[in-house]
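Undergrad: here is the input, now give the coordinates:
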Amino acid sequence: MVLRKAQDRLRARSNFSIAEVEYQELWQRAKLAAVTVSSDNAVLERVTGRFVKEAENILGELLVDCQVTYIDP
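TA: Numbering: from 1, shown residues only. Below you'll find the predicted structure:
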């Protein structure tokens, strides 16, 4: 329930697609992936930074790790 609320709040506040990608069989652990695209690197970095800060605010101490990866075509 906590995970679903966090996903819903993050989706509502950003233009990111979010999915649970690991540990679906465990109730005490989850791994989420969030994805967005942009043709402008500066915009992408700005919205990604805002997303990470929002995730930190929503999840608080429940957020153990956060990794950001940029893929160039």
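
Undergrad: does anything pack onto the biggest helix by length in the chain? Which helices or strands?
TA: Longest helix in the chain, counting residues (DSSP state H): helix 41-59. The helices and strands touching helix 41-59, judged by 3 or more Cβ pairs under 8 Å, 6 or more residues apart in numbering; DSSP states H and E, are helix 2-13. In short, each C-beta sits where N, CA and C put it, glycine included.

Undergrad: before we move on, the earlier item: residues making contact with the longest helix of the chain?
TA: With contact meaning Cβ atoms under 8 Å, 6 or more residues apart in numbering, helix 41-59 is reached by 6, 9-10, 13-16, 34, 36-38, 63, 66, 68, 70.

Undergrad: and the residue nearest to Val2 when sequence neighbours are not counted, how close does it get to Lys5?
TA: Excluding the flanking residues, the one nearest Val2 by Cβ to Cβ, 6 or more residues apart in numbering is Leu62, at 7.1 Å. Noted for Leu62: a distance of 11 Å to Lys5, by Cβ to Cβ, to the nearest Å.

Undergrad: Leu32 too?
TA: 13 Å.

Undergrad: and the average pLDDT for stretch 14-27 is what?
TA: When pLDDT is averaged along stretch 14-27, the result is 87.

Undergrad: how many residues are close by the residue nearest to Val2?
TA: If you count neighbours by other Cβ atoms under 10 Å, Leu62 ends up with 11.

Undergrad: would you list the phi and psi of it?
TA: Backbone torsions for Leu62, taken as degrees, to the nearest 10, come to phi -70, psi -20.

Undergrad: how far off centre is the longest helix of the chain?
TA: Centre-to-centre, helix 41-59 and its host chain are 8 Å apart (Cα atoms, centre = their mean, to the nearest Å).
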